[in-house]
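just coords:
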């Protein structure tokens, strides 16, 4: 069997060792005679998987004791409604920073539940740079400040943590979570879809400070109420058990790599290989400001867009898939999450050089 280099933005590549272990355990998990996907979520077997995944995640991120870890469903899109329903807490408005397509979706959804102040926007730069914090027009009485810490489509990433003082900072970290150490205590709530750096689609991770739980809007559905989900250990309804199991295997894989400091270095090396090449020539270009470039999602364009299809065809023939950029921005995008090996990026750069030589 030949594995391709999968540059998909999500669902994304997973560690091969995780997939092999899951395959080995598919029919019989640890002598239980059952697949994990067949287990009762209330049974002791699954409960042990659930608890261990939480424990490993807490260890990896050094999550403080006054934060809850929730394994939910609905993706980041669902959290765009969860967050305002739970965090407006009787306040008049919330502040949002617009850095791209995923920020826009969050803003649009939040406006259904309260006033949204767009306190800064990357639109003047064509969504190629993140506004400096000293330009943000913040409301000190805002319910919270929301950012998308890594724009998967646009390829921008915060390489700094905004200081919001007493106003809770909320971050959509879908495409950068677990790619580096973070100080969880700087955030009121962190959320992410799992299908980029954690596991299969279907699982949504939420890390929320306890004092922000328990003041949901009266209209909030029970399954969207963070207090009800917290009180029931994410099992108000049946959780996405198999996705949580895979996530737990990924957490253990990350620990074996040396934790988040080690994986960050791995990611920086990979990103530098690609960005250094992009900056060394003019056949390809990356539009994102150097200080704000994502280590996870690298957008680039060919100087002659008429060659795009030929480039993608050649990449596929060489076992490199999912390099086409998002339809809203075009061009190419290489998503190089934790599980993408350095060899995958080396192969991509070698092909880009080959293609340039043929078509320059």
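The structure has been received and is ready for your questions. Please read all numbers here as calculations on a predicted model, not as lab measurements. Numbering: from 1, shown residues only.

all contacts plus neighbour counts: C-alpha atoms, from now on.
OK.

got the domain boundaries for this protein?
Following automatic domain parsing, one gets these domains for the chain: 17-256, 258-359.

residue 8: which of those is closest?
With C-alpha to C-alpha, the closest approach to residue 8 among the domains of the chain belongs to domain 258-359: 4.8 Å.

quick one: that closest one to chain centroid distance?
Taking C-alpha atoms, centre = their mean, to the nearest Å, the mean C-alpha location of domain 258-359 is offset from the chain mean by 18 Å.

give me the distance between the two termini of that domain.
Using C-alpha to C-alpha, to the nearest Å, one end of domain 258-359 lies 42 Å from the other.

can you check stretch 60-79 too?
Terminal residues of stretch 60-79 lie 23 Å apart, using C-alpha to C-alpha.

same deal with stretch 148-166?
Using C-alpha to C-alpha, the end-to-end distance of stretch 148-166 comes out at 19 Å.

residues contacting residue 56?
248, 251, 252 (C-alpha atoms under 8 Å, 6 or more residues apart in numbering).

moving C-terminal from the helix or strand that contains it, which element do we reach first?
Element membership for residue 56 (DSSP states H and E) is helix 44-61. Sequence order places strand 67-72 as the next helix or strand after helix 44-61, per DSSP H and E.

which helices and strands does that next one pack with?
Counting contacts by 3 or more C-alpha pairs under 8 Å, 6 or more residues apart in numbering; DSSP states H and E, strand 67-72 packs against strand 204-209, helix 226-231.

helices - which of the contacts of residue 56 land there?
Within the contacts of residue 56, residues falling in helices by DSSP state H are 248, 251, 252.

top of those by neighbour count?
Highest neighbour count within the ones in helices among the contacts of residue 56, by other C-alpha atoms under 10 Å: residue 251, with 26 neighbours.

could you report the pLDDT at that residue?
For residue 251, the pLDDT comes out at 98.

and residue 87, what is it in contact with?
Contacts of residue 87 (C-alpha under 8 Å, 6+ apart): 143, 144, 212, 213, 215, 216.

from those, keep the buried residues only.
With burial judged by 16 or more other C-alpha atoms under 10 Å, the buried subset of these is 143, 144, 212, 213, 215, 216.

could I get those residues as CSV with secondary structure, distance to residue 177 and pLDDT?
Shown next, in CSV, are these (DSSP: H, G, I helix; E, B strand; the rest coil; distance: C-alpha to C-alpha, whole Å; pLDDT from 0 to 100):
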residue, secondary structure, distance to residue 177, pLDDT
143, coil, 24, 98
144, coil, 20, 98
212, helix, 21, 98
213, coil, 22, 98
215, coil, 26, 97
216, coil, 26, 97
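
including distance to residue 227, could these go into JSON lines?
Formatted as JSON lines, the buried ones among the contacts of residue 87 follow (distance: C-alpha to C-alpha, whole Å):
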{"residue": "143", "distance to residue 227": "18"}
{"residue": "144", "distance to residue 227": "18"}
{"residue": "212", "distance to residue 227": "9"}
{"residue": "213", "distance to residue 227": "5"}
{"residue": "215", "distance to residue 227": "8"}
{"residue": "216", "distance to residue 227": "8"}
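
which among those residues gets closest to residue 300?
residue 144 (33.6 Å).

what residues are up against that closest one?
87, 88, 94, 95, 167, 168, 169, 170.

in strands, which of these fall?
Judged by DSSP state E, strands contain the following of these: 94, 95, 169, 170.

can I get these in a markdown table with distance to residue 36?
Output for the ones in strands among the contacts of residue 144, formatted as a markdown table (distance: C-alpha to C-alpha, whole Å):
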| residue | distance to residue 36 |
| --- | --- |
| 94 | 40 |
| 95 | 41 |
| 169 | 36 |
| 170 | 33 |
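
quick check, nearest of those residues to residue 156?
Nearest to residue 156 among the ones in strands among the contacts of residue 144, counting by C-alpha to C-alpha, is residue 170 at 17.3 Å.

okay, now residue 357: neighbour count?
Residue 357: 10 neighbours (other C-alpha under 10 Å).

that one: which element?
Assigning secondary structure by DSSP H and E places residue 357 in helix 342-359.

can you list the buried residues in that helix?
Buried, per 16+ other C-alpha under 10 Å, within helix 342-359: 342, 344, 345, 348, 349, 351, 352, 355, 356.

also stretch 90-99?
Neighbour-count burial for stretch 90-99, with 16+ other C-alpha under 10 Å as criterion, is recorded at 93, 94, 95, 96, 97, 98, 99.

strands along this structure, start to end?
Along the chain, the stretches classed as strands by DSSP E are 5-6, 67-72, 93-98, 115-121, 145-148, 150-151, 156-157, 169-172, 189-193, 204-209, 284-285, 297-302, 320-321, 332-335.

can you list the neighbours in contact with the fifth one?
Residues from elsewhere that reach strand 145-148, judged by C-alpha under 8 Å, 6+ apart: 94-99, 102-103, 164, 167-173.

can you pick out the most distant pair from those?
102 and 167 (21.7 Å).

these two: which is more packed in?
Set side by side, residue 102 and residue 167 show more neighbours around residue 102, with 22 against 19, by other C-alpha under 10 Å.

state the distance from the more buried one to residue 228.
For residue 102 relative to residue 228 (C-alpha to C-alpha), the value is 27 Å.

ok, residue 107 next?
Distance from residue 107 to residue 228, by C-alpha to C-alpha: 25 Å.
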